[in-house]
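> got a sequence here, can you build the structure:
(2 chains)
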Amino acid sequence: MLDRAAHDALVAAVGSENVISDPVQLRSYECDGLTGFRQTPSLVVLPRSTEDVAQAVRACHRHWLPFVARGAGTGLSGGAMPVADGVVISLQRMREIVHIDPVDRRAVLQPGVTNLDITKAAAAHGLYYAPDPSSQQVCTIGGNVAENSGGAHCLKYGFTTNHVLSMTVVLPDGEVVTLGEDTDEQLGPDLRGVVIGSEGTLGIVCDITVRLLRVPETVRTLLAEFPSVTAAGDVVSDLVAAGIIPAAVEMMDNLAIQAAEKAVGAGYTLTTPAALVVELDGPASECEAQFDQVRTICERHGCTRLHIAETAAERAKIWKGRKAAFAAVGRISPDYIVQDGVVPRTRLAEVLSRIEDMGRDAGLRVANVFHAGDGNLHPLVLFDDDAGELERAEQLSTDIAELCVELGGSLSGEHGIGTDKACSMPRMFGEADLSTMDSVRAAFDLRRLCNPGKLLPTPRLCGEKPGRYRPHPLEEAGVIERL
Amino acid sequence: MTATMVTPTDLRSACEAFTEYRGTIRIQGAGTASTWAGAAAATDTVVDATALTGIRSYNPADMTVSVGAGTPLAQLQDEAARHGQRIAFDAARVRRGATVGGLIATADSGPLALGFGSMRDLVIGATVVLADGTPARTGGHVIKNVAGYDLAKLMHGSYGAFGLLTEVVLRLHPTPEAHRTVALDCTLADAAGHTRSLLAEAQEPVSLEWADGTLLVRIEGTTDGTEARARSLATLTGGRVLAEDEAAEAWERHARLVDSATVRIGSRPSRLPGVLERFEAPAAAGLATGVATLSMPTDRIDQVHDAVTEVGGTSVTRGAADPQARPWGRQPSALRVLQVVKRELDPAHRLDSGRFGAWFDSQPGVSEAAGGMAPVSSATTQAAEPLAQEPALTRTPTDSGGTAPAGTEQEDS
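Model prediction:
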């Protein structure tokens, strides 16, 4: 419970109509997309302007209240999970597209604008916003900045950090600053790039200026099936060796294909051991030449079926199968955990075979869906909670993430560290690395009130054990997927 | 004052350079930017990064390379080229031997920035030795990675204020099969008009620069594709497709122009021509990126700073400027954060590049010393109180404007 003075200060900051204190309503803020971690906040405030955010943060600072910024709550690492006795600052009422500038190709957005709405608003000018996390229909640009979101197309187009020019940030003591400039030229060190991907621990990002790109002239998509995951992996290697950077290369193994087919019937062959979705985009003359090369490479590696999308509808169908894979796993297993790790691309075959062994040892099945171009894996550990498999599944999932680090990769390619993996950070970073990050955090937030307990390991956090994974309601509805 | 020169050869000796030598330290690379953003500070010690060289790991199939930060980028490009790859980065001073670390520390970039961004977009991991000799890593060896703070960004444009880059991991791109350059002699105003129509097309130029009367547009891709695209752009603008040697010569002229600049500016692209037209100075202008370099006489650099600041842009002096010229047009909005980060990472204020004028001389939270800093709302100034509880800096501020660079320093060679 908040003390009276703190409560009143927050109500004064944003107005009583923008405060939620009803215990039942507070419950709907208890978790983000990582539903195994839950904590009901003491209060939720819903600011309508940057000034409101600043006033709310100043109130928290004055009263030593921890606070957590929240966008759509689709994050998968518990980054927006509330803090005990803390305040949630929801940016859901700041959803204005402030400005679209077709000449300088940029958009100014409030943090609650959804990723897809940026592209929708830019479409009239033949422009779009490139990063496209799979939850793009609902996830917000503010959340994208916090997590440095990527998406299926980030091998070619990069991540949020490559597309944000500047942003207004409310620092953890309530000061409002602008990070970034009108171009990539910065005045000194690039603090904008430090805050992007900092998972809401260095301040609350308000107005965000993003770069818009011209819609590519052509998009070509194909679905290719292979007799083995290795063959599919060899195709990806050959694409790279041929100097082709596809807009996207996605791989699914048989378990994932089975699940996706059961869910959406996208036309994948049920028995095929592996499938690739390859997408090229760009000027038509470039795309066509490279697309022929992609086909030849697929055929060289024993492709058993090659389906080229001839229409936008066919393209959408191929992607639907791929995007449904996560939630669809629920159709072949009562429960599952989604993992997110990265290995150097050349170690894909090795990591998959190790994961298979580890799954066998644990007596659990693992389905694999991944962004093959950049080595970003999303192993899905299948288990049955009623059969008492939860603990084993969690252990296997953690072991897989840590295996990625062992193979020279990363604990997370896109879901973030949040609450979920903070305790694994020492696997990837040494004490000096982590303490340096902590120094930077201290520079922004000396009182440790801004999303505390996330990203960097703390003894208190690392003693806790998460609950079981439960699919996000939007995921079950097929609106978003786990990626 | 004669500085002690220390030349570490590996991470261990780099750490020792900071723990074994006392006093203030300036980090130096190949010296290709030694007069950028003002005069280098006179310090007790100069750490020379140019022996931190060599490729540490390079697996072409992963399209990533780990390299000593003192490695000249041109050398790395040669190695990558053997595998059909490149660092998609072409700042002018790469030709003069600039190091990977130096290019990051100065936030430099070249014409390819339109297509591939600057070093900040290509760095995926780094090892930094902090002022107290602590080695800290950030990022990793994979392109896709969101674990932990991205402190390589903090190093980008830091001019050595926070630490010494010892190792850098970069992402590579395939060398394109072909490239073509379309050239058109035209005024800046016409070039700006052409830029708008060029960008409305789907030909995706990787560079678009107006350099002293000529608009240069570079496209890359397959042999047949680039040929067709280049012809289409030439038709659109009334320009012509350059032969390979002509194109190389045109871009070399562009690089020479950039090398002789006294000031670099950045503004919203549509505002750039208006700013440049106010000055009759040789200029190379990225009309799509909004970044330009100008060769203005030193006594008029202040006018450039003011004109750019007026349109909300950035400006900083370059090598050919008198080191006594005002280095930056304005301060960043979040200067106070930079000051506190500096205090956290270098509490004794040992690392002194001299490049930020008085930015780091003032104490965080003391507003009168921080010029254009955004004020905290007056009703809640107590909010900033913990940041104002600042330990006294052990460093004696020196007036970099009045101190000549130490004699042992290497200037541009």
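
> give me every residue that touches the residue lying closest to A:His125 once chain neighbours are set aside.
If the residues on either side of it in the chain are set aside, A:His125 comes closest to A:Pro102, at 3.8 Å by Cβ to Cβ, 6 or more residues apart in numbering or on different chains. Using the backbone N, CA and C atoms, a C-beta is placed for each residue, glycine as well. Contacts for A:Pro102 (Cβ atoms under 8 Å, 6 or more residues apart in numbering or on different chains) come out as A:122, A:125, A:127, A:212.

> ok, which pair from the residues you listed is furthest apart?
A:His125 and A:Leu212 (7.7 Å; Cβ to Cβ).

> give the residues shared as contacts by these two.
A:100, A:102.

> more neighbours: these two, which one.
Applying other Cβ atoms under 10 Å in any protein chain shown to A:His125 and A:Leu212 shows that A:Leu212 carries more neighbours, namely 23 against 17.

> give me the pLDDT for the more buried one.
On pLDDT, A:Leu212 comes in at 98.

> then A:Arg220?
As predicted, A:Arg220 sits at a pLDDT of 96.

> for it, which three-state class applies?
strand (DSSP: H, G, I helix; E, B strand; the rest coil).

> can you check B:Ala285 too?
strand.

> just give the nearest non-adjacent residue to it, would you?
Spatial nearest neighbour of B:Ala285, chain neighbours left out: B:Ala292 (3.9 Å); criterion: Cβ to Cβ, 6+ apart.

> pretty sure the one you found sits against B:Ala281.
No. Applying Cβ atoms under 8 Å, one finds B:Ala292 not in contact with B:Ala281, separated by 10.1 Å.

> of the two, who's got more company?
More crowded of B:Ala292 and B:Ala281, by other Cβ under 10 Å: B:Ala292, with 29 against 17.

> so where do the helices sit in the stretch 101-250 of chain B?
Secondary structure of the stretch 101-250 of chain B (DSSP state H, counting those that start in this stretch): helices located at B:113-116, B:119-122, B:151-155, B:188-200, B:223-237, B:244-259.

> next secondary structure element downstream of the longest one?
In the C-terminal direction, the helix or strand that comes right after helix B:244-259 (DSSP states H and E) is strand B:263-266.

> helix or strand right after that next one?
Following strand B:263-266 toward the C-terminus (DSSP H and E): helix B:272-277.

> do that following helix and chain A meet?
No. Applying Cβ under 8 Å from any Cβ of the partner chain, one finds helix B:272-277 separated from chain A by no less than 8.8 Å.

> what's the spacing between that helix and its chain's center?
Mean-position distance between helix B:272-277 and its chain equals 22 Å (Cα atoms, centre = their mean, to the nearest Å).

> what mean pLDDT does that helix have?
Mean pLDDT, helix B:272-277: 96.

> and if you look at stretch A:421-437?
Computed over stretch A:421-437, the average pLDDT equals 95.

> which residues sit against that stretch?
By Cβ under 8 Å, 6+ apart, the surrounding residues in contact with stretch A:421-437 are A:77, A:398, A:401-402, A:405-406, A:410-412, A:417, A:453-458, A:461-462, B:128, B:130, B:134-138, B:140, B:147-149, B:151, B:345.

> of those, just the buried ones, ChimeraX syntax please.
Of the contacts of stretch A:421-437, the buried ones can be selected in ChimeraX as follows, counting by 16 or more other Cβ atoms under 10 Å in any protein chain shown:
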select /A:77,398,401,402,405,410,411,412,417,453,454,455,456,457 /B:128,130,134,135,136,137,138,140,147,148,149,151,345
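
> model confidence for the residue positioned nearest the centre of chain B, exactly?
Taking Cα atoms, centre = their mean, the centroid of chain B lies closest to B:Ala107, which sits 1.7 Å from it. For B:Ala107, the pLDDT comes out at 98.

> cheers, nothing more for now.
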